[in-house]
Each structure stands twice: as structure tokens, then as C-alpha cells.
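# Just a sequence and a predicted model for now, questions to come.
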Amino acid sequence: MKTLCEINHLLDTGVIGKDIKQMPAHGDVHALGQGTFYGPAGVTNAPDTAHAYIYQVFQHGTGDKFIKAYNTHDGKTFTIVQQGGTWQTAWKDTSGASAYDIWLKAGHTGNKAAFLASLKGAKGDKGTFDKSDFATHSEVIAGVNATKPINPKTLVWGDIMSKGGSSGHSVIPDKADLNTYVHMGIYTQTGSVNAKNGTNYPQDAAGVLTVLDVGGEIYQTYTTLSASGNNTYTRGAYSGTWSEWEKLMKASELYHPYDAVHDSIGSVSTVKNFDSLTKQGWYIMDTTNGAVNGPVRTGIFVYLQVVNYNDVAQQLQIAYEYGTNTGKPMAMRGKYQNVWGAWKYYPSMSLSGTTLTVTI
């Protein structure tokens with residue numbers, strides 16, 4: 001049996017005459033045989049003469065029929081039955097009453113807006129708040145139940161943000177697994193030994209863990225607390241799978257041409273040993289004044305560029321000659337695992353007209 005939506009689709013797409021047969025303009029609904037038919041307005045024995053209908057006819061033998069009619073205007077449905085050659089006296093409306101109609105039949109009066117307003121009941125009792133799944137104010141301040149989320153009913157955010165150290169945060173215990181910290185909050189690890197004993201830390205160091213829950217996706221930030229400097233790492237859990245920790249680069253790890261630790265490029269360095277120049281940046285070196293471990297050529301001034309890769313154990317030094325001296329204008333060497341390689345030299349080239357001169 002086709003639904004009204006299916007039938008109207010067939011009408012709209014012009015399938016009448018294929019799946020749906022066309023009734024004559026003055027045909028009789030009672031005379032229809034087995035099948036689906038489109039009857040225009042005005043046919044005989046229709047539910048009404050003002051509208052077109054789709055008729056589905058189910059026939060058994062010669063005197064028993066069941067006909068269902070779909071009004072193509074408003075979607076209402078009607079049925080009529082023939083038994084033993086005798087038709088029911090009238091079509092039966094099978095559309096079903098709307099909730100608004102039932103409301104009116106129950107004795108109410110008013111328009112649909114009044115009906116909708118009547119559906120709003122009295123205000124219910126105030127619900128209860130289950131606190132058992134949350135860490136209480138005293139638990140957070142005392143640093144216990146660190147894996148529970150903060151209870152928003154008992155803990156003021158200022159208690160967390162205004163107090164320093166572990167007193168304002170949930171404390172991460174020894175041998176903890178950071179993968180289990182998935183509730184939004186701020187947690188502290190007060191001991192580097194505890195971090196080393198734990199699992200899924202980005203670094204064996206004390207620090208502060210911040211956890212965010214965004215639609216079920218977990219984001220963690222861990223900032224270490226160390227006298228040698230602070231490092232910040234981030235990671236996330238997506239569909240339950242943790243990503244690797246990513247370290248955020250600090251400003252001191254970016255390339256800086258000047259730094260207070262060493263001489264600026266505007267003055268000659270007082271450092272005599274090239275090996276001791278480990279701070280990233282630029283230097284001016286005077287090899288006429290007893291500097292050691294520099295390029296083989298002496299008696300010259302050079303610009304020295306130092307580039308670090310993550311730490312001082314891996315570095316690159318590039319020396320550029322300048323001044324009135326000529327010869328090898330650039331030399332380079334690298335350090336890997338704290339061992340310096342030999343200087344390598346690159347020749348200078350000059351072009352005069354069509355003549356290229358290479359100085360070794």
C-alpha cells in the first residue's frame with residue numbers, strides 16, 4: 001500500500017497512467033477494480049465532489065471491496081467497504097482527530113493559541129543536586145579526591161585561582177597516571193620524584209596540570225616547575241586515544257640576534273674560546289688576540305653565528321671573515337652530543353666581466 005507522500009510524489013513527477021491509473025472525469029468510484037487510481041473532483045460516489053482523490057482498491061471476488069481514499073488537498077483519508085455486493089451508506093473518516101480537535105470535544109473553548117497555553121502545567125518541585133560525584137570544597141583545598149571534578153555548588157573559582165601552591169589545587173599523588181585525569185580542573189604535582197614514578201608525564205618534573213573537557217574531548221596542559229626553567233606541554237584525547245605530548249617553544253629558544261648573556265654584535269667579544277660560545281646569537285671574534293678553537297686562519301676578525309638545536313649538546317657555528325683580509329670568507333662546524341666536528345671551509349668567488357675567480 002502506498003503512502004500519501006508516495007502518491008503525491010507520483011502525481012508531481014507525472015507517473016499517473018503508469019503506477020496510478022486515471023479515472024474518467026465522470027467515472028464511478030464504486031465501479032473501480034483492483035489497483036490505484038486518480039479521481040478528479042466531481043466523480044460519482046467520491047467522499048466529496050469538491051476535491052480530487054487517490055483511490056486504493058482491494059477486491060475479493062465480485063462483491064467484496066475495500067477502498068481507501070486520500071484527499072490530495074489536505075491529506076485526509078476515508079474508507080468505504082462493499083460486502084456481498086452491498087456498499088456502506090457513507091465514507092468513514094479515518095484521518096483521526098488532532099489534539100486540538102480532541103481538546104475542543106472535551107468541552108474546552110478557544111483558539112489554537114489557547115490550546116497550546118493549556119498544555120503548560122504548574123511549576124514542579126525543585127530538583128535535588130547530587131553532590132556525591134564531586135570533590136567538595138574541603139577535599140580540593142586538602143588535596144584529596146584529585147580525580148573527582150570540582151563541585152560548582154561548594155567551591156568558588158577564586159579559591160583555586162587566588163591561592164598559590166598546592167593549597168589552591170588538587171594535588172596529584174605519587175605514581176599517578178595522567179591519562180586518568182579527564183575531569184576539568186587544575187592539579188599540581190609537587191614532587192619531581194612523584195612525576196618520575198608516575199606514568200604519561202611529559203617530563204620527570206613537578207608541575208601544574210590543567211584539564212579541559214570540550215564536548216567529551218579532553219585537553220591537557222602541563223607546565224613544569226624547575227629552577228632551570230619552565231617547560232609547557234600540551235596533548236589531547238580524541239575518542240579515548242591520547243596524542244603525544246607536544247612541547248611549546250619558549251621565547252628563549254627562538255632565534256635572537258642579541259642577548260644579554262653574550263656581547264652584542266656591536267662590540268668585540270671578550271671570550272677567547274670558540275667552544276665556550278654556546279648561547280644562540282651573533283658574536284664578533286678577534287682571532288688576533290689569542291682566541292682558540294676557531295677557524296684555522298688567524299689574525300682576522302670574524303662574525304660568528306651560533307645556532308642551537310634544542311640544547312647546547314647540538315649546535316652549529318658559522319664564521320664569516322670581514323675586514324681587509326681576503327681568502328676563505330666562510331667556515332662552518334657542528335657539535336653533536338657535545339662533541340665538536342672539524343671546521344669546513346668554503347671558498348670565495350668573484351665575477352669580473354666574464355671571468356669568475358675562485359679563491360681557495
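Okay, I see it. Numbers count the residues shown, from 1 in each chain.

# Can I take it that residue 58 is in a strand?
Yes: using DSSP: H, G, I helix; E, B strand; the rest coil, the secondary structure at residue 58 is a strand.

# For the stretch 51-200 of the chain, give me the ranges with low pLDDT.
129-169 (pLDDT under 70).

# where do the strands sit along it?
Taking DSSP state E, counting those that start in this stretch as the test, the strands found in the stretch 51-200 of the chain are 53-60, 64-71, 77-83, 86-87, 92-93, 170-171, 185-189.

# List every C-alpha atom in the first one, with coordinates, as PDB.
Coordinates of the C-alpha atoms in strand 53-60 are reproduced here as PDB (Å, rounded to 0.1, in the frame of the first residue of the first chain):
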ATOM      1  CA  TYR A  53      -8.700  11.900  -4.500                       C
ATOM      2  CA  ILE A  54      -6.300   8.900  -4.900                       C
ATOM      3  CA  TYR A  55      -8.200   5.600  -4.500                       C
ATOM      4  CA  GLN A  56      -6.700   2.400  -3.500                       C
ATOM      5  CA  VAL A  57      -9.000  -0.500  -4.300                       C
ATOM      6  CA  PHE A  58      -8.700  -4.000  -2.800                       C
ATOM      7  CA  GLN A  59     -11.100  -6.500  -4.300                       C
ATOM      8  CA  HIS A  60     -12.000 -10.100  -3.400                       C
END
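
# What about the nearest residue to residue 238 once chain neighbours are set aside, how many residues nearby?
In space, and not counting its chain neighbours, residue 238 is closest to residue 217: 5.9 Å by CB to CB, 6 or more residues apart in numbering. (Glycine included, C-beta is placed from N, CA and C.) Neighbour count for residue 217, taken as other CB atoms under 10 Å: 12.

# where's residue 217 relative to residue 30, distance?
66 Å (CB to CB, to the nearest Å).

# swap in residue 220?
Relative to residue 30, and taking CB to CB, residue 220 is found at 76 Å.

# try residue 343
Counting by CB to CB, the gap from residue 343 to residue 30 is 110 Å.

# quick revisit: pick out whichever of residue 220 and residue 30 has more residues nearby.
Legend: neighbour count by other CB under 10 Å for residue 220 and residue 30, higher for residue 220 (23 against 13).

# Which residues are in contact with the more buried one?
Going by CB atoms under 8 Å, 6 or more residues apart in numbering, residue 220 touches 178, 181, 209, 210, 211, 212, 234, 235, 236, 237.

# Of these, which is the nearest to residue 295?
Closest approach to residue 295 among the contacts of residue 220 (CB to CB): residue 234, at 42.0 Å.

# How about that closest one: what's its closest non-neighbour residue?
Nearest non-adjacent residue to residue 234 (CB to CB, 6+ apart): residue 221, at 5.1 Å.

# what's the neighbour count on the one you found?
The tally of other residues near residue 221 (other CB under 10 Å) stands at 18.

# what are the phi and psi values for it?
Main-chain dihedrals, residue 221, degrees, to the nearest 10: phi -130, psi 130.

# Show me what it bridges to in the sheet.
residue 210, residue 234 (DSSP bridges).

# bridging residues for residue 317?
residue 306, residue 333.

# OK, contacts around it?
By CB under 8 Å, 6+ apart, the contact list for residue 317 reads 274, 277, 304, 305, 306, 307, 332, 333, 334, 335.

# Hmm, the fifth one is touching residue 316, no?
Yes: with contact defined as CB atoms under 8 Å, residue 306 counts as touching residue 316 (7.5 Å).

# More neighbours: which of the two?
Set residue 306 next to residue 316 and count neighbours by other CB under 10 Å: residue 306 wins out with 19 against 16.

# For the stretch 101-250 of the chain, which segments are assigned as helices?
If DSSP state H, counting those that start in this stretch is used as the criterion, the helices of the stretch 101-250 of the chain fall at 112-118, 137-142, 157-161, 192-197.

# ok, and the closest non-adjacent residue to residue 248?
Once flanking residues are discounted, residue 248 sits nearest to residue 232: 4.5 Å by CB to CB, 6+ apart.

# Also residue 92?
residue 79 (5.2 Å).

# Quickly list what that neighbour is bridged to.
Counting by DSSP bridges, residue 79 forms beta bridges with residue 68, residue 92.

# In a markdown table: the contacts of residue 220, plus neighbour count and distance to residue 282.
Rendered in a markdown table, the data for the contacts of residue 220 read as follows (neighbours: other CB atoms under 10 Å; distance: CB to CB, whole Å):
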| residue | neighbour count | distance to residue 282 |
| --- | --- | --- |
| 178 | 22 | 41 |
| 181 | 21 | 44 |
| 209 | 23 | 39 |
| 210 | 17 | 37 |
| 211 | 19 | 42 |
| 212 | 12 | 41 |
| 234 | 16 | 32 |
| 235 | 17 | 36 |
| 236 | 14 | 38 |
| 237 | 17 | 43 |
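
# what residue ranges in the stretch 251-360 of the chain score low on pLDDT?
The model of the stretch 251-360 of the chain has pLDDT under 70 over residues 251-271, 288-290, 296-300, 310-312, 322-329, 348-351, 356-360.

# Look up the pLDDT of the closest residue to residue 244 other than its chain neighbours for me, please.
Counting by CB to CB, 6+ apart, residue 244 lies nearest to residue 235, which is 6.5 Å off, once chain neighbours are set aside. Residue 235 is assigned a predicted lDDT (pLDDT) of 95.

# Show me what counts as buried in stretch 198-218.
For stretch 198-218, burial by neighbour count (16 or more other CB atoms under 10 Å) applies to 198, 201, 202, 203, 205, 206, 207, 208, 209, 210, 211, 218.
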